[in-house]
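A.B. asks: build me a structure from this.
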Amino acid sequence: MIKAKNWPVIVLKMTNKEKIWQIVNQIPKGKVASYGLVAGLAGLPGYARYVGYTLKNLPAGSKLPWHRVINSKGSISFKRDTKRYYLQKSLLEEEGVSFSNGKYSMKKYEWIQKSSGL
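C.D. replies: Modelled structure (predicted):
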């Protein structure tokens, strides 16, 4: 199998949503990952928007740490001044992720994962 950008290719028989959930579940408290990174680690390079769609449509009552996924610029993708925006911002701040000038420092808080472990 060919690996894109040195991202691992997942061969397990999981749906794409399940692959994304598995990756997001590995992001530790106090760290963030971009939608593109999650997509790549799930074996879905180029599907960052699909990651966003999947997280936006999580089953009710999910305990998945969806709030740890932000865009590659270090910003929350929800529109500012919405309930979802403030919820994600507050959940990240509770975990010690500092917000400055409308962004999070990807250099400081980005989750570095070499392998998905799946």
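
A.B. asks: show me what the helix or strand of the chain with the lowest mean pLDDT is packed up against.
C.D. replies: In the chain, the helix or strand scored least confidently by mean pLDDT, DSSP states H and E is strand 99-100, which has a mean of 90. For strand 99-100, the elements it packs on are helix 83-94, judged by 3 or more CB pairs under 8 Å, 6 or more residues apart in numbering; DSSP states H and E. From N, CA and C alone the C-beta is placed, and that goes for glycine too.

A.B. asks: list the contacts of the spatially most central residue of the chain.
C.D. replies: For the chain, the residue nearest the mean C-alpha position is V69 (2.9 Å; CA atoms, centre = their mean). Contact analysis of V69 by CB atoms under 8 Å, 6 or more residues apart in numbering lists 24, 27, 32-35, 38, 51-52, 55.

A.B. asks: if we can go back for a sec, would you pull up how far the helix or strand that comes right after the least confident helix or strand of the chain lies from the middle of the chain?
C.D. replies: With elements assigned by DSSP states H and E, the helix or strand that comes after strand 99-100 is strand 103-104. How far strand 103-104 lies from its chain's middle: 14 Å, per CA atoms, centre = their mean, to the nearest Å.

A.B. asks: state the mean pLDDT of strand 103-104.
C.D. replies: Averaged across strand 103-104, the pLDDT comes to 92.
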